[in-house]
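Colleague: Make a model of this:
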Amino acid sequence: MINEMQNVGFLCHYVFGNGSAQYVFLDVGNDGCVSLNGPLSFSVETSAHVCASCNGMLLFSYNCSGDNLLSFHVFNISAHQCVSLPQLPYITPRIITHGLAFDGLHYQVVLVFSSPQGEEASTSSGSAGGHGGGGVIEMEIFSSETGKWRHHTTMIPLPPYLPKLSTPPLFSNGSIHWELGGYLLVYNIQSAHSELLQLPNHSQNWSWRSMTFGQCLWESDGRVHYCYTDYQGIQTWVLMNRQDHDYYSNNYNHDRQKFKWKLAHTVPHQILLSQNPDIFLRLGQTHHDFSEWKPYYISPYASLEDSQIMYLRLPGIFAAYNLRTGTLKEVCNYSFPNTNFYCCSFFPVVYCQKGNAEMGNIRSDGERGAVINLPVADVLLLSQNSKAKGCSSSDS
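Modeller: Just a heads-up that it's a prediction; the model follows:
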């Protein structure tokens, strides 16, 4: 949940062709409009992958040696301070996904990976992603309180098919949530309890109508929401809690084990296009590949808790869709070479409003509501030799 001392925004990760990158922060107002937060934004000469965000902290991974061994770093957004975690080279080839949990005092980093049995089974079966088809889900968990990794075996069988998806994890109600091959993997930080829940779009029989695109997770009103695009439109589901199950059990023939989700809302593609013809006409004129609508052109990314605004990415733009009015408003655009409009990724973030001695007060630059153009020309290059802005060892 967001408190009054935190800002809500987005991190835009823009990757250039030479491997450098910009990390641009956008503040979000109550009306859904955004503004550039210059003091927080920075550039780097070598791009690092954004794995997760949680309560003002970011988890980065970086292939520093070129031999597929990943290093992980936790970055404090407001302080621009970074901590490098001890490496775990033996599990790098088997990592499936990552997670971050921060309670305001200590953080935990969770690496989810496959057991050796799962790796062997998936290799022999040719499973996509190289992880499904046998074995169990295992975890390595780093705690900032102890400064050490610990191993955890969940005893949950790996789903048979694990495509490589880029759905960011969600920390909500004390648990990290991951989308995992048609399931939701939930790990509670305090109890170390894990469970695997079937997602509402899970399908045993593949067909072109069962395909989904641009999945995302978010929290609203203390509830976990799962959103995706399919051939019909944008679908948003809510993970049911005990009160929901009690209500349905009292009024219907309800199976608590089978039915875990309820539909929150649907935005049909035809309605989205018909209510916002100008923006889609302009996209068709600007990008030749957009002349005919395809459902994978649109990806949901997040939703604001109180304003009923959903954020969507389309080719070359990031837009706010108002669920009440049905209007789509461009808030950010980005150039992309040829047809590679995935050069820019967006991540919902929260961070403290207070600045520190070096950064000063964290504030937005420019007029709120103006469209932000990426990449930003004057974003500061992050000095890797600076004590405040570089990465320090977790042992120090």
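Colleague: Residue 135: how many residues sit nearby?
Modeller: The tally of other residues near residue 135 (other Cβ atoms under 10 Å) stands at 20. Backbone N, C-alpha and C define where each C-beta goes, glycine included.
Colleague: List the buried residues of stretch 30-41.
Modeller: Residues of stretch 30-41 classed as buried by neighbour count (16 or more other Cβ atoms under 10 Å): 32, 33, 34, 35, 36, 37, 38, 39, 40, 41.
Colleague: any idea which of these is the one closest to residue 333?
Modeller: Nearest to residue 333, judged by Cβ to Cβ, of these is residue 34 at 11.7 Å.
Colleague: hang on, the closest one packs against residue 27?
Modeller: Yes. Residue 34 lies in contact with residue 27 (Cβ atoms under 8 Å); the separation is 6.4 Å.
Colleague: Please, where are all the helices along the stretch 51-200 of the chain?
Modeller: Per DSSP state H, counting those that start in this stretch, the stretch 51-200 of the chain carries helices over the ranges 116-125.
Colleague: Low-confidence ranges, it, go.
Modeller: 64-68, 117-134, 161-165 (pLDDT under 70).
Colleague: try it again with 50
Modeller: Judged against pLDDT under 50, the low-scoring parts of the stretch 51-200 of the chain cover residues 118-131.
Colleague: circling back: redo the buried residues of stretch 30-41 as CSV? Include secondary structure, pLDDT and distance to residue 331.
Modeller: As requested, the buried residues of stretch 30-41 are exported to CSV (DSSP: H, G, I helix; E, B strand; the rest coil; pLDDT from 0 to 100; distance: Cβ to Cβ, whole Å):
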residue, secondary structure, pLDDT, distance to residue 331
32, coil, 83, 8
33, coil, 87, 6
34, strand, 90, 5
35, strand, 91, 9
36, strand, 92, 11
37, strand, 91, 14
38, strand, 90, 17
39, strand, 90, 20
40, strand, 91, 17
41, strand, 92, 16
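Colleague: State the distance from the residue most central in space within the chain to residue 62.
Modeller: With distances taken as Cα atoms, centre = their mean, residue 168 lies nearest the centre of the chain, 2.5 Å away. Per Cβ to Cβ, to the nearest Å, residue 168 is found 17 Å from residue 62.
Colleague: one step back: phi first, then psi, for the residue nearest to the centre of the chain.
Modeller: Backbone torsions of residue 168, given as degrees, to the nearest 10, read phi -60, psi 140.
Colleague: quick one: it and residue 52 touch, right?
Modeller: Yes. Counting by Cβ under 8 Å, residue 52 is a contact partner of residue 168 at 6.2 Å.
Colleague: contacting residues for the nearest residue to residue 314 once chain neighbours are set aside?
Modeller: Excluding its sequence neighbours, the residue lying closest to residue 314 (Cβ to Cβ, 6 or more residues apart in numbering) is residue 298, at 5.5 Å. Neighbour list for residue 298: 213, 214, 229, 234, 269, 272, 312, 313, 314 [criterion: Cβ atoms under 8 Å, 6 or more residues apart in numbering].
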